[in-house]
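Trainee: just to be clear, the model below is a prediction. Sequence and coordinates:
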Amino acid sequence: MTVIWNFPTRTLFGEGALSEIAAEASHLGGTRALVVTDPGVAAAGIAEQVREALAAGGVPTRVFDAIASNPTDEHVLQATAEYKAHGADLVVGVGGGSAIDVAKIVRILATHPEPLAQYDDGAGGTERLTAPFPPMIAVPTTAGTGSEVGRSAVATMQATNRKTIFFRADLIPNVALLDPELTVGLPPKTTAATGFDALTHSIEALCTAMDHPMASAIAREGITLCARFLPRAVSAGDDIEARGAMLKAAMLGAVAFQKGLGACHSLAHPLSTELGMHHGLANALCLPAVIDFNRTVAGAELAQVARILGARGDDDETLAFECSGAVRRLRAEVGLPESLSAAGVQEEVLEQLADLAFEDPCHSENPRPCTREDLLTLYRASF
Ligand SMILES: NC(=O)c1ccc[n+]([C@@H]2O[C@H](COP(=O)([O-])OP(=O)(O)OC[C@H]3O[C@@H](n4cnc5c(N)ncnc54)[C@H](O)[C@@H]3O)[C@@H](O)[C@H]2O)c1
Ligand SMILES: [Fe+2]
């Protein structure tokens with residue numbers, strides 16, 4: 001059964017929700033679609049499934065599957081060229097955060113002139129986004145970034161090798177199709193890593209200082225779903241209830257982080273751009289140290305997290321102290337490495353990573369301000 005949510009994106013959730021895609025395309029006025037995806041999702045047969053579902057509903061569709069995990073501006077340019085060559089008027093992002101983010105940025109270049117760098121949100125580029133975007137449908141095949149309900153998109157600019165954020169409130173896809181069947185083939189390690197991205201979004205969003213009770217409530221539910229269902233989704237990939245719950249958790253995490261993120265994401269970004277590490281794994285490796293660092297200022301929130309993760313304690317102080325351990329236990333349970341060194345990171349790169357982490361904007365939302373030295377200490381504590 002498909003249920004429909006409008007908070008904040010029109011979201012169709014349920015097994016077989018993909019079958020609704022052509023009707024959704026038509027509602028949006030889409031007559032020709034470009035599917036943006038990556039080789040792994042294409043090899044899993046999912047891109048072809050989406051193409052067929054659109055074609056069956058009378059929407060001629062071209063598939064562009066040449067993007068990479070941690071995509072760059074080059075992938076965006078190639079995908080935009082395909083969009084224009086196909087005469088498309090609808091963008092469909094099919095895959096994890098990488099594919100969905102490239103699809104979102106194609107919407108920018110479909111209606112705005114190059115170069116892409118001028119739209120970098122961190123450099124005031126959002127003001128240059130003046131034209132409307134073509135409509136977009138997002139079909140997540142991982143449960144992590146929640147990009148399908150997010151207003152921003154991330155790509156690495158080759159000129160600077162930095163993860164660059166593009167943002168406008170209506171960059172949020174018009175429709176998200178959350179079909180748990182499409183995540184069943186996601187391997188256990190990627191399931192675990194992407195699930196930890198979702199968990200990190202909710203924990204950082206809960207702890208950031210901005211007063212946003214709605215986002216905080218959503219973050220708590222996101223953490224609850226991760227605690228309950230991530231181990232099941234990892235150990236039994238065909239557990240549809242767990243897969244569906246993790247799609248919900250990813251969506252909740254991304255809605256929650258409208259409130260803000262924190263130091264963990266600043267530490268994670270250079271691990272991806274410099275070392276090619278998966279974004280969710282990078283978060284998983286750094287999260288416990290960030291939790292300990294934030295305990296003095298976000299103790300009440302971390303106590304809530306610890307309680308949800310099953311830690312015991314009579315008061316908030318004890319529970320907040322237990323929080324990082326509870327996260328480490330969940331990380332071990334889902335089979336992720338326990339440290340940066342166990343994940344193959346060399347100690348001599350930490351200084352350079354700390355420089356880059358300090359330049360990353362996310363830590364400005366951390367509840368406890370961070371110096372470059374603090375970030376280096378957090379890398380060392382995660383090593
Ligand atoms: N826009 C946002 O708000 C936001 C938030 C966090 C992260 N991100 C970005 O998202 C990206 C990470 O996204 P991700 O974690 O979803 O990973 P991903 O999109 O890079 O995918 C990871 C791997 O899983 C494979 N895969 C995906 N679905 C599959 C399936 N169903 N079956 C088999 N294989 C499958 C892909 O081929 C790929 O190799 C990063 O670039 C990150 O910067 C964006
Ligand atoms: Fe993230």
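Mentor: Arrived safely, thanks for sending. Numbering: from 1, shown residues only. Ligands and ions are numbered 1, 2, ... in the order given.

Trainee: any figure for the gap between Val92 and Cys323?
Mentor: Between Val92 and Cys323 the distance, using CB to CB, to the nearest Å, works out to 39 Å. For every residue, glycine as well, the C-beta is placed using N, CA and C.

Trainee: who has more neighbours, those two?
Mentor: In this comparison of Val92 against Cys323, neighbours counted by other CB atoms under 10 Å, the higher total goes to Val92 at 32 against 29.

Trainee: which residues of this structure lie near ligand 1?
Mentor: Within the chain, the positions near ligand 1 by CB under 6 Å from any ligand atom are 38, 40-41, 44, 46, 69-70, 95-99, 101, 141-142, 144-145, 147, 150, 152-154, 163, 182-183, 185-186, 190, 194, 197, 254, 279-280.

Trainee: for stretch 34-53, what is the distance to the chain centroid?
Mentor: Averaging C-alpha positions (CA atoms, centre = their mean, to the nearest Å) puts stretch 34-53 19 Å from its chain's average.

Trainee: what's in contact with it?
Mentor: Applying CB atoms under 8 Å, 6 or more residues apart in numbering, the contact partners of stretch 34-53 are 18-19, 21-22, 54, 61-69, 79, 82-83, 86, 88, 90-96, 98-100, 102-103, 106, 139, 141, 182, 185.

Trainee: per-residue pLDDT of the spatially most central residue of the chain, please?
Mentor: Closest residue to the average C-alpha location of the chain: Thr145 at 1.5 Å, with CA atoms, centre = their mean. Predicted confidence (pLDDT) for Thr145: 96.

Trainee: leaving out chain neighbours, which residue sits closest to it?
Mentor: The shortest distance from Thr145 to any residue that is not its chain neighbour, by CB to CB, 6 or more residues apart in numbering, is 3.1 Å, and that residue is Gly97.

Trainee: so who does that neighbour touch?
Mentor: When contacts are counted by CB under 8 Å, 6+ apart, Gly97 touches 142, 144-145, 147, 154, 197, 279.

Trainee: restricted to strands, list those residues.
Mentor: Judged by DSSP state E, strands contain the following of those: Val154.

Trainee: which of the contacts of Gly97 has the most neighbours?
Mentor: For the contacts of Gly97, the largest neighbour count, defined by other CB under 10 Å, is 32 neighbours, found at Gly144.

Trainee: what are the phi and psi angles of that one?
Mentor: Gly144 has phi and psi values of phi -150, psi -70 when expressed as degrees, to the nearest 10.

Trainee: which non-adjacent residue is nearest it?
Mentor: The shortest distance from Gly144 to any residue that is not its chain neighbour, by CB to CB, 6+ apart, is 2.9 Å, and that residue is Thr194.

Trainee: confirm that the one you found sits in a helix.
Mentor: Yes - residue state for Thr194 (DSSP: H, G, I helix; E, B strand; the rest coil) corresponds to a helix.

Trainee: that one against Ser147, yeah?
Mentor: No - with contact defined as CB atoms under 8 Å, Thr194 does not count as touching Ser147 (11.1 Å).

Trainee: and the strands in the stretch 101-250 of the chain?
Mentor: With DSSP state E, counting those that start in this stretch, the ranges of strands along the stretch 101-250 of the chain come out as 136-140, 152-157, 162-167, 175-178.

Trainee: so which elements touch the last one?
Mentor: The elements that strand 175-178 packs onto, with contact taken as 3 or more CB pairs under 8 Å, 6 or more residues apart in numbering; DSSP states H and E, are strand 10-13, helix 21-27, strand 136-140, helix 240-256.

Trainee: give me that answer again for 6 Å
Mentor: strand 10-13, strand 136-140 (3 or more CB pairs under 6 Å, 6 or more residues apart in numbering; DSSP states H and E).

Trainee: how many neighbours does the closest residue to Leu252 other than its chain neighbours have?
Mentor: Once its chain neighbours are removed from consideration, Leu252 has its nearest residue in Gly222; the separation is 3.6 Å (CB to CB, 6+ apart). Other residues within reach of Gly222 by the criterion other CB under 10 Å amount to 29.

Trainee: any idea how far Ala268 is from Gly125?
Mentor: Computed as CB to CB, the Gly125 to Ala268 distance reads 23 Å.

Trainee: which of the two has more neighbours?
Mentor: Counted by other CB under 10 Å, Gly125 and Ala268 do not tie: Ala268 has more neighbours, with 29 against 20.

Trainee: mind listing what that one touches?
Mentor: Contacts of Ala268 were listed using CB atoms under 6 Å, 6 or more residues apart in numbering, and they are 282-283, 286.

Trainee: in this structure, which spans are helices?
Mentor: 21-27, 39-43, 46-56, 73-85, 97-111, 188-207, 213-235, 240-256, 263-275, 279-294, 299-308, 316-333, 350-359, 372-382 (DSSP state H).

Trainee: got the buried residues for the first one?
Mentor: Within helix 21-27, the residues scored as buried using 16 or more other CB atoms under 10 Å are 21-22, 24-25.

Trainee: in the stretch 251-383 of the chain, which residue sits closest to ligand 1?
Mentor: Going by CB to the nearest ligand atom, ligand 1 is nearest to His279 of the stretch 251-383 of the chain, at 4.1 Å.

Trainee: now that residue: closest residue in space that isn't a chain neighbour?
Mentor: Excluding the flanking residues, the one nearest His279 by CB to CB, 6+ apart is Ser272, at 5.3 Å.
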